[in-house]
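Q: Only the shape, not the letters, is given here:
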DNA sequence: ATGAAAGCGCTAACAA
DNA sequence: TTGTTAGCGCTTTCAT
């Protein structure tokens, strides 16, 4: 049926072992044999069976990358950086999507494990920290967007990010600033808390308004609807870009002028926020940088498996674009 | 090192073969043995080695899905539908990204083949048709967004889609309608031709303006820049949503009023166009529908491998949103 | 530089 | 119902 090493060996008139050596770039193969072997490979259209190879050699040279949600462009951005940073390892990347459901994330991780991946990278992950830590005890694991004790992790400084956004908004004269949160998503608690803290620090605790979101566009839309029905703040800080875009969408639908009537800010600075017709004011780090950093974390971990977990805290920057503006004096109220 | 079937067998006091049977849900295993085995599995934390399993059983039960570009939300949409449509097979999906580069697509496909995938689904693919056909001769292949002779394929009716867009624009009084094309991307030729044809049919051949894009946001931005430097049409039809968003972004940057000064339409009807702050007028089919259809194609192919290729042509619909409007009489000119 | 042989962890006849 | 046996296609000592 399919062409095997034995077929190649027969065709080239050498042993199976020698073919294996030649194909794996061993130096101790004569030029003559190598040529014969390569010729046979080409003629027969031989393609190594990775399942067999990975079974025989104990290492698979494979790393599993789980993206929690393919619809959120931040993960595609991070993956680009990861791909660059991983360099020669990148042919061995196993991709999986969590389809934005914890159970799907779990099965994806299970299959990485079953395939004997050498390491796992979690790009956003909704699983409980305990599960992640359990995983990290089993296999080298790098988590992006989540802080855990035992796994290497990489996060944006949420407090600082929220502060940048809030200072920007208050600087524009806003006092009634609502928050559409990230629900049970990663970093949602930190961002929510930072928002509340900051409002308190400014003596605006009476104006704290939190609406439920879930880091998706739909979540942002729902958050806006609830918010607009209940109260009409002059600014809203959404827990991530995707939900900010949802807010924007509904606002436009309801003929709410952005930014004249309502300022909107996000978090992540995704490629979408940057260069599209959206032009969203947001805070964050280019995903590609995060990918590079994650690749570095993994490389270090692979070099020394027993070292203690590193936690990278990346400083975000503010990107002021077109969705925020001066609070109109008419709507400024305590 | 890692727990194997033999370990489980030893612990449960049965043979390796019986454990294998039990784990694969055979009915001819006594209740008593099954319980002992499951207990041993749990105690030892046994996890089957998929590489070994796939080597031993000749089928891998795996299907490889290649997404040409993770940044284009249409593919995430289609994948959702595919995932639903594949039902129980979905645990066996291998994902890969082409990172928007043909060479990366090729290596991804190579690795699907090396892993002995049972089938391959191409979600957008930049490879030459000949390569795709060669692939389809090797392994059951379904191509979304590309028509080939020997592979099952699924495409949107481009001519109809373009017609819907153009009728909409001309109905609004536009006569100077430019096109930002998809360059060398899939379906780009068909869309470009349909655009030209339709302009000719209306006696507007003198107004045909085609600018170079590549289905990405950046491509749309570049297309807009070139267009705006050279000519100032009243409407532009971009070859896909993502590039339409790029056009929108640059237009906003240049303080071009959308849709008052310039109407913009896309193609694909991605989730982004639908519900975000973008609210893009576009044409297409929900990606999720396409995913379902692709899953169906694959199922049929797997049932009868020798049947001749099916080619599904899906009818698109027009979605009028906020980026198109009546041509202002001032700018209407032959 | 090359080959023989053992074995990776599993499945799948075939026996019992 | 259960165990024995022979591979799956490859890598990897260890001889030569």
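A: The structure has been received and is ready for your questions. As the structure is a prediction and not an experimental result, all values here were calculated from the model.
Q: Only C-alpha atoms from now on, for both contacts and neighbour counts.
A: Fine.
Q: ok, for residue A:177, nearest residue in space, not its chain neighbours?
A: Of all residues not flanking residue A:177 in the chain, residue A:235 sits nearest, at 4.7 Å (C-alpha to C-alpha, 6 or more residues apart in numbering or on different chains).
Q: Let me see the contact set for that neighbour.
A: By C-alpha atoms under 8 Å, 6 or more residues apart in numbering or on different chains, the contact list for residue A:235 reads A:169, A:174, A:176-178, A:262-264, A:324.
Q: Need the pLDDT of it.
A: With respect to pLDDT, residue A:235 has a value of 98.
Q: which residues touch stretch A:200-213?
A: So stretch A:200-213 is in contact with A:175-183, A:196, A:199, A:219-220, A:222-224, A:226-227, A:243, A:334, going by C-alpha under 8 Å, 6+ apart.
Q: do the same with stretch A:219-231
A: So stretch A:219-231 is contacted by A:180, A:211-214, A:238, A:242-251 (C-alpha under 8 Å, 6+ apart).
Q: Closest one of those to DNA strand D?
A: Of all the contacts of stretch A:219-231, DNA strand D sits closest to residue A:242, with 43.9 Å by C-alpha to the nearest atom of the strand.
Q: Pull the residues that contact the helix or strand hosting the closest one.
A: Taking DSSP states H and E as the criterion, residue A:242 maps to helix A:241-253. Helix A:241-253 is contacted from outside by A:72, A:180, A:213-221, A:223-225, A:237-238, A:257-258, A:264-270, A:273, A:278, A:280, A:282, B:275-279, using C-alpha under 8 Å, 6+ apart.
Q: quick revisit: which of the contacts of stretch A:219-231 sit farthest apart?
A: Maximum pairwise distance in the contacts of stretch A:219-231, criterion C-alpha to C-alpha, is 17.9 Å, between A:214 and A:251.
Q: Would you indicate which residues of stretch A:191-208 are buried?
A: Going by neighbour count (16 or more other C-alpha atoms under 10 Å in any protein chain shown), the buried part of stretch A:191-208 is A:191-192, A:194-199, A:204, A:207-208.
Q: Which member of those is positioned nearest DNA strand C?
A: Nearest to DNA strand C among those, counting by C-alpha to the nearest atom of the strand, is residue A:191 at 43.0 Å.
Q: Nearest residue to the closest one in space, please, no chain neighbours.
A: residue A:158 (5.9 Å).
Q: That neighbour is in contact with residue A:190, isn't it?
A: Yes - counting by C-alpha atoms under 8 Å, residue A:190 is a contact partner of residue A:158 at 6.5 Å.
Q: quick one, which of those two is more surrounded?
A: The residue with more neighbours, out of residue A:158 and residue A:190, is residue A:158; 25 against 15, by other C-alpha atoms under 10 Å in any protein chain shown.
Q: From DNA strand D, how far off is the more buried one?
A: 44 Å (C-alpha to the nearest atom of the strand, to the nearest Å).
Q: Next: residue A:229.
A: Note on residue A:229: its distance to DNA strand D, by C-alpha to the nearest atom of the strand, is 63 Å.
Q: Now the phi/psi pair for that residue, please.
A: Dihedral angles of residue A:229 (phi, psi; degrees, to the nearest 10) stand at phi -70, psi -30.
Q: Could you check how many residues crowd around it?
A: Look at residue A:229: counted by other C-alpha under 10 Å, it has 8 neighbours.
Q: any idea which of the contacts of stretch A:219-231 is least confident?
A: residue A:249 (88).
Q: Not counting residues beside it along the chain, what's closest to that one?
A: Of all residues not flanking residue A:249 in the chain, residue B:277 sits nearest, at 3.7 Å (C-alpha to C-alpha, 6+ apart).
Q: List the contacts of the one you found.
A: Shown in contact with residue B:277 (C-alpha under 8 Å, 6+ apart): A:245-252, A:278.
Q: Check which element follows the top helix by length along chain A along the chain.
A: For chain A, the helix that runs over the most residues, judged by DSSP state H, is helix A:287-303. For helix A:287-303, the following helix or strand on the C-terminal side (DSSP H and E) is strand A:311-314.
Q: Can you tell me how far residue A:319 is from residue A:154?
A: Per C-alpha to C-alpha, to the nearest Å, residue A:319 is found 21 Å from residue A:154.
Q: tell me which of the buried residues of stretch A:191-208 is nearest to residue B:312?
A: Residue B:312 lies nearest to residue A:191 out of the buried residues of stretch A:191-208, by C-alpha to C-alpha, at 46.6 Å.
Q: mind checking how far the helix or strand that contains that closest one is from the chain centre?
A: In the assignment (DSSP H and E), residue A:191 maps to helix A:188-201. Relative to its parent chain, helix A:188-201 has a centroid offset of 23 Å by C-alpha atoms, centre = their mean, to the nearest Å.
Q: Skip ahead from it and say which helix or strand is next.
A: strand A:209-211.
Q: Read off the pLDDT value for residue A:4.
A: 94.
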